[in-house]
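# Next comes the sequence, and after it the predicted model I'd like to discuss.
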Amino acid sequence: MFLLKMYLLGIYSLIFFPVNAINTHVTEYSVLMYHNITLKELMSEDLPPLTFQRKMHYVATVREVKALYRLINKEIFGNRLIMPKIYVRSRLKGTWGECHGADLPYNKDKSRCIIILADRWYCKQWLIMAIAHEMCHQYEWDIISKHREREGLPPIMSHGPTFFRWRDKLKKKGIPLKKFNDHEKWFATQRLFKC
Ligand SMILES: [Zn+2]
């Protein structure tokens, strides 16, 4: 964590982990399919059984997160984001994902963020939702903040209007953009837009 402290201007968490994260056998999904599939198709895939979800048997790898990042960048952000350093961690404290913005000079070839995602998920749809959430923060920090700097304003990473500017576009792909998600409502409804 000491390395991360260099970046710690802001940490934005998506949701609290349930306390009963379970340490059991896990399954890694193939990511090759993401070359020929849309976000909307991925978001409408069948959900895994509830027992699978409750045990958080959906395991994300950096490779999968990067593949999903590319897809979201293409479909939502018009490929305007530069992929930051991405980490998948087994012990994120109380969050599904984090975006850290560094106070470095702007560089058109390099992101000023790092993104960290949890490794275990209820399902792929939750992982996609979390990556999109962190990418909205990255857009704030890497792109909106650059424009703000020209106006003499400080950089921004928030859950305000600059974050939610992508909400409608994401919604069309079946991806909710929220500050937090309620996992109890998720297990009660199995509907991402209701939790
Ligand atoms: Zn956030």
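That came in fine, so what should we check first?
# Next, the residue sitting nearest the centre point of the chain: phi, psi?
By Cα atoms, centre = their mean, the mean C-alpha position of the chain lies nearest to I131, the distance being 1.8 Å. Note on I131: backbone dihedrals following degrees, to the nearest 10 are phi -60, psi -40.
# swap in R112?
Dihedral angles (degrees, to the nearest 10) for R112: phi -100, psi 10.
# Tell me the buried residues in the host helix or strand of R148?
Counting by DSSP states H and E, the element that carries R148 is helix 145-150. Residues of helix 145-150 classed as buried by neighbour count (16 or more other Cβ atoms under 10 Å): S145. Placement of C-beta: from N, CA and C, glycine included.
# And stretch 123-143, by the same measure?
123-143.
# Could I get the full set of helices for the protein?
Assigned by DSSP state H, the helices in the chain fall at 2-5, 39-43, 50-54, 62-75, 124-139, 145-150, 161-164, 167-172, 183-189.
# In JSON lines, list these along with mean pLDDT and distance to R89.
Converted to JSON lines, those look like this (pLDDT from 0 to 100; distance: least, Cβ to Cβ, whole Å):
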{"stretch": "helix 2-5", "mean pLDDT": "39", "distance to R89": "10"}
{"stretch": "helix 39-43", "mean pLDDT": "98", "distance to R89": "23"}
{"stretch": "helix 50-54", "mean pLDDT": "97", "distance to R89": "20"}
{"stretch": "helix 62-75", "mean pLDDT": "96", "distance to R89": "10"}
{"stretch": "helix 124-139", "mean pLDDT": "98", "distance to R89": "13"}
{"stretch": "helix 145-150", "mean pLDDT": "95", "distance to R89": "25"}
{"stretch": "helix 161-164", "mean pLDDT": "98", "distance to R89": "23"}
{"stretch": "helix 167-172", "mean pLDDT": "98", "distance to R89": "24"}
{"stretch": "helix 183-189", "mean pLDDT": "96", "distance to R89": "19"}
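# For P84, which non-adjacent residue is spatially closest?
S111 (3.7 Å; Cβ to Cβ, 6 or more residues apart in numbering).
# I'd like to know how many residues surround the one you found.
For S111, the count of nearby residues is 21 (other Cβ atoms under 10 Å).
# Which pLDDT value does the model give it?
On pLDDT, S111 comes in at 98.
# Please verify my assumption that it contacts M83.
Yes: counting by Cβ atoms under 8 Å, S111 sits close enough to M83 to count as a contact (6.8 Å).
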